[in-house]
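Quick one, what's the 3D model for this:
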Amino acid sequence: MDKVRAKKHLGQHFLIHEPTTEKIANSYIEKFSGRTLEIGPGMGVLTKYLIEAENIDLFVAEIDWDSVAYLKEHFPKLNNKILEGDYLKMNLQETFPDNYSIVGNFPYNISSQIFFRILEEKDKVDGVVCMLQKEVAKRICSKEGNKVYGILSVFLQTYYDIEYLFTVPPTVFNPPPKVDSGVIRLTRNDRTDLGCDEKLFFRVVKQGFNNRRKTLRNALKSLNLPLSEIDGEVLSKRAEQLTVNDFIELTKEVEKHAGRDQ
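Numbers count the residues shown, from 1 in each chain. Below you'll find the model as predicted:
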């Protein structure tokens with residue numbers, strides 16, 4: 001098999017520009033080592049750099065059977081390290097019983113879902129280097145006060161230090177997408193305990209941004225939380241005005257006043 005045809009339903013846009021490919025690979029190699037999972041390797045444009053790198057034990061997850069066949073033919077070094085199927089549904093416990101890092105050119109149509117899966121694995125995933133739609137990349141990196149700052153920004157920045165590395169134009173892909181791409185790097189921070197119930201924290205953040213035009217006092221009403229007991233200044237703000245630490249402190253206050261029933 002000489003090449004794989006890009007499949008629209010899988011959101012495939014194959015990177016064909018070697019300098020860009022090498023730059024992404026180096027952005028990973030210079031920061032992370034050990035067990036590594038590449039998501040969506042396609043025809044192995046990143047794989048060929050990663051598989052030769054010292055101190056990297058590479059596995060790949062690929063849902064496209066044509067790409068799997070291509071990888072098996074062109075990358076015999078992978079041996080039994082090709083995980084065939086949907087990363088979002090994989091049981092990774094056996095392959096990655098300990099910590100690992102992730103790299104890949106994420107399909108635009110499922111990039112947010114991939115990050116929510118990474119959040120589920122946050123205690124094992126030391127870092128991520130990935131390319132995705134620039135708009136989403138910028139949203140993930142954005143800080144409070146920015147209109148694109150949102151749920152994914154807060155959740156990921158709670159557990160990771162995030163860098164926007166560089167922009168990639170459509171012309172370096174086949175077929176070219178209609179938008180620019182962005183490469184970002186996430187490095188796990190040292191936060192292991194929020195000091196509050198994590199599920200409640202997620203609920204507060206989600207509800208706040210689901211009603212982002214409202215003040216938090218109005219946005220959080222449907223959660224039936226003891227808001228009357230909480231400092232009015234923070235509740236007079238909108239979700240996009242709060243830092244990660246602000247959300248954590250707000251959740252602590254809610255939890256403190258909710259008592260055992262919450």
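
Okay, the nearest residue to residue 172 once chain neighbours are set aside and residue 31: tell me how far apart.
Of all residues not flanking residue 172 in the chain, residue 17 sits nearest, at 3.5 Å (Cβ to Cβ, 6 or more residues apart in numbering). C-betas here are computed from N, CA, C, even on glycine. Going from residue 17 to residue 31 by Cβ to Cβ, to the nearest Å gives 22 Å.

what's the domain layout of this structure?
8-188, 198-261 (automatic domain parsing).

and the residue nearest to residue 172, how many neighbours?
15 (other Cβ atoms under 10 Å).

From residue 176, how far off is it?
Applying Cβ to Cβ to residue 17 and residue 176 gives a distance of 11 Å.

for the stretch 151-262 of the chain, what spans make up the strands?
160-168, 173-174, 181-188 (DSSP state E, counting those that start in this stretch).

likewise the stretch 1-150 of the chain?
Using DSSP E, counting those that start in this stretch, strands in the stretch 1-150 of the chain cover 14-15, 34-39, 56-62, 82-84, 100-105, 125-133.

Run the chain-centre distance for the shortest one.
For strand 14-15, the distance from its own C-alpha centre to the chain's C-alpha centre is 20 Å (Cα atoms, centre = their mean, to the nearest Å).

Neighbouring strands - and their directions - for it?
strand 173-174 (antiparallel) (DSSP bridges).

contact partners of the partner strand?
For strand 173-174, contacts defined as Cβ atoms under 8 Å, 6 or more residues apart in numbering pick out 6, 13, 14, 15, 16, 181.

how far out from the middle of the chain is it?
Worked out by Cα atoms, centre = their mean, strand 173-174 lies 22 Å from the chain centre.

now stretch 152-160
9 Å.

Just the CA atoms of it, as CSV, please.
Taking C-alpha atoms only, stretch 152-160 is exported to CSV below (Å, rounded to 0.1, in the frame of the first residue of the first chain):
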residue,chain,number,x,y,z
LEU,A,152,-12.4,23.4,28.3
SER,A,153,-10.1,26.3,29.1
VAL,A,154,-10.8,26.0,32.8
PHE,A,155,-10.8,22.2,33.0
LEU,A,156,-7.5,21.8,31.2
GLN,A,157,-5.8,24.7,32.8
THR,A,158,-6.8,23.3,36.2
TYR,A,159,-4.5,20.4,35.7
TYR,A,160,-2.1,21.4,32.9
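
For that stretch, buried residues please.
152, 153, 154, 155, 156, 157, 158, 159, 160 (16 or more other Cβ atoms under 10 Å).

Over to stretch 192-203?
Within stretch 192-203, the residues that count as buried by 16+ other Cβ under 10 Å are 194, 196, 197, 200, 201, 202, 203.

Dump these into a markdown table; add pLDDT as well.
Below are the buried residues of stretch 192-203 laid out as a markdown table (pLDDT from 0 to 100):
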| residue | pLDDT |
| --- | --- |
| 194 | 95 |
| 196 | 94 |
| 197 | 94 |
| 200 | 94 |
| 201 | 96 |
| 202 | 96 |
| 203 | 94 |
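
will you turn the residues you listed into TSV that also has distance to residue 136?
Below are the buried residues of stretch 192-203 laid out as TSV (distance: Cβ to Cβ, whole Å):
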residue	distance to residue 136
194	25
196	28
197	28
200	26
201	22
202	19
203	23
